[in-house]
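Asker: this one's structure only:
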């Protein structure tokens, strides 16, 4: 049994990570590092709650440390856990800077410990459907992908994600999800042209659009906090047809509602993908596969056991950080840039 310490019991730790860890065979939640002791203890009464995160990451009864704390603490906590001989999983974004990411990868390699980043949206129903249809070749050569995750929250909330600071704002929050999915589909882009903006009168980025260049293929990533419309989640265009997916994966909403991962109906997405053939035939509805966030932690378990590669490799994590930094540089300079891979 792999003993897990979860560091952070805010929204990400409480709603996403703790339920998934608890539901994954072969993992046992042993320690929670949080100052919200009463809340964590009542939710998981058999788990030891430690207020000091550094004490938690070094706990002798822990094999794997999962870090779900504010973004600017990811690197120092991960470094401390690796130094203590623990395997480490970090919530996205991996770190705040590319330099921090490279340093952590080197530390993990020297310590011979697993280091991975949580990219649960590889197991979204919509993304799994898109990847499945790309593999069939029905679209022909893909020349364009548009991916958007937006919501309607016009009021700025008083929380670290929406205040100016290292690793805050929508580009660091939603950007890693969208970029990682594109890395899975197409690999690292050659160029990045990004526009990051503050639209709600706050201090952190709350709107972005980024165009990733792959030869003649273009990938557009977008997110807004003032989107009352039902934005299309995915649009793909190829030489033989187009594919759309309107609604997004249901698992986050299911977790917020308290549904247990893997329970009946878990990950079921009633919204189909729609294929439009280039020859003008009638649109074809294609059922979306069920989402399965448990797939990430099951893959982490298998990687620690030596039975599989990590689900998100250090190379993928650092490539994503290079793209994030390229996006900031592009927006600041108003030009197309090449990521520093």
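Answerer: Looks like it arrived, so ask away. Treat the numbers as computed from the prediction; the structure is a model and nothing was measured.
Asker: what are the ranges of the strands in the stretch 51-200 of the chain?
Answerer: For the stretch 51-200 of the chain, the strands defined by DSSP state E, counting those that start in this stretch cover 64-67, 87-91, 115-118, 142-148, 191-197.
Asker: Packing partners of the first one?
Answerer: When you say that, I think you mean strand 64-67. Packed against strand 64-67 by the contact rule (3 or more C-beta pairs under 8 Å, 6 or more residues apart in numbering; DSSP states H and E) you find strand 2-7, helix 53-57, helix 74-83, strand 87-91. The way it works is simple: take the backbone N, C-alpha and C, and place the C-beta from them, glycine included.
Asker: how about 10 Å then?
Answerer: Counting contacts by 3 or more C-beta pairs under 10 Å, 6 or more residues apart in numbering; DSSP states H and E, strand 64-67 packs against strand 2-7, helix 18-23, strand 27-33, helix 53-57, helix 74-83, strand 87-91, strand 115-118, helix 294-304.
Asker: List the strands paired with it, with their directions.
Answerer: For strand 64-67, the paired strands and their directions (DSSP bridges) read strand 2-7 (parallel), strand 87-91 (parallel).
Asker: what pLDDT, on average, does the first one get?
Answerer: So that's strand 2-7. The average pLDDT within strand 2-7 is 98.
Asker: do the shortest one as well
Answerer: Along strand 87-91, the predicted local confidence has a mean pLDDT of 98.
Asker: now do stretch 124-144
Answerer: 97.
Asker: list the buried ones in that stretch?
Answerer: 124, 125, 126, 127, 128, 129, 130, 133, 134, 139, 142 (16 or more other C-beta atoms under 10 Å).
Asker: from the residues you listed, which is closest to residue 254?
Answerer: For the buried residues of stretch 124-144, the residue nearest residue 254 by C-beta to C-beta is residue 125; the value is 11.2 Å.
Asker: and the strands paired with strand 64-67 as CSV, adding mean neighbour count and distance to residue 255?
Answerer: Output for the strands paired with strand 64-67, formatted as CSV (neighbours: other C-beta atoms under 10 Å; distance: least, C-beta to C-beta, whole Å):
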stretch, mean neighbour count, distance to residue 255
strand 2-7, 25, 15
strand 87-91, 26, 14
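Asker: Looking at these, which is nearest to residue 38?
Answerer: With C-beta to C-beta, the closest approach to residue 38 among those belongs to strand 2-7: 16.1 Å.
Asker: Residue 279 contacts residue 140, doesn't it?
Answerer: No: when contacts are counted by C-beta atoms under 10 Å, residue 279 is not listed as touching residue 140 (11.5 Å).
Asker: Need the residues touching each of the two.
Answerer: Common contacts of residue 279 and residue 140, defined by C-beta atoms under 10 Å, 6 or more residues apart in numbering, comprise 240, 241.
Asker: hang on, the earlier thing: and the helices and strands packed on strand 64-67 as TSV, adding distance to residue 239?
Answerer: Below are the helices and strands packed on strand 64-67 laid out as TSV (distance: least, C-beta to C-beta, whole Å):
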stretch	distance to residue 239
strand 2-7	46
helix 18-23	39
strand 27-33	44
helix 53-57	50
helix 74-83	41
strand 87-91	38
strand 115-118	34
helix 294-304	32
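Asker: Please identify the deepest-packed of the strands of the stretch 51-200 of the chain.
Answerer: Comparing those by mean neighbour count (mean count of other C-beta atoms under 10 Å), strand 64-67 ranks first with a mean of 28.
Asker: which stretch among the strands of the stretch 51-200 of the chain comes nearest residue 216?
Answerer: It's strand 142-148; of the strands of the stretch 51-200 of the chain, that one is closest to residue 216 (C-beta to C-beta) at 6.5 Å.
Asker: longest helix of this structure?
Answerer: Criterion DSSP state H: the longest helix present in the chain is helix 314-333.
Asker: tell me the angle of that helix relative to strand 191-197?
Answerer: 60 degrees (axes from the mean of the first three to the mean of the last three C-alpha atoms, to 10 degrees).
Asker: what's helix 314-333 packed up against?
Answerer: Helix 314-333 packs on helix 98-111, strand 115-118, helix 170-173, helix 175-186, strand 191-197, strand 207-214, going by 3+ C-beta pairs under 10 Å, 6+ apart.
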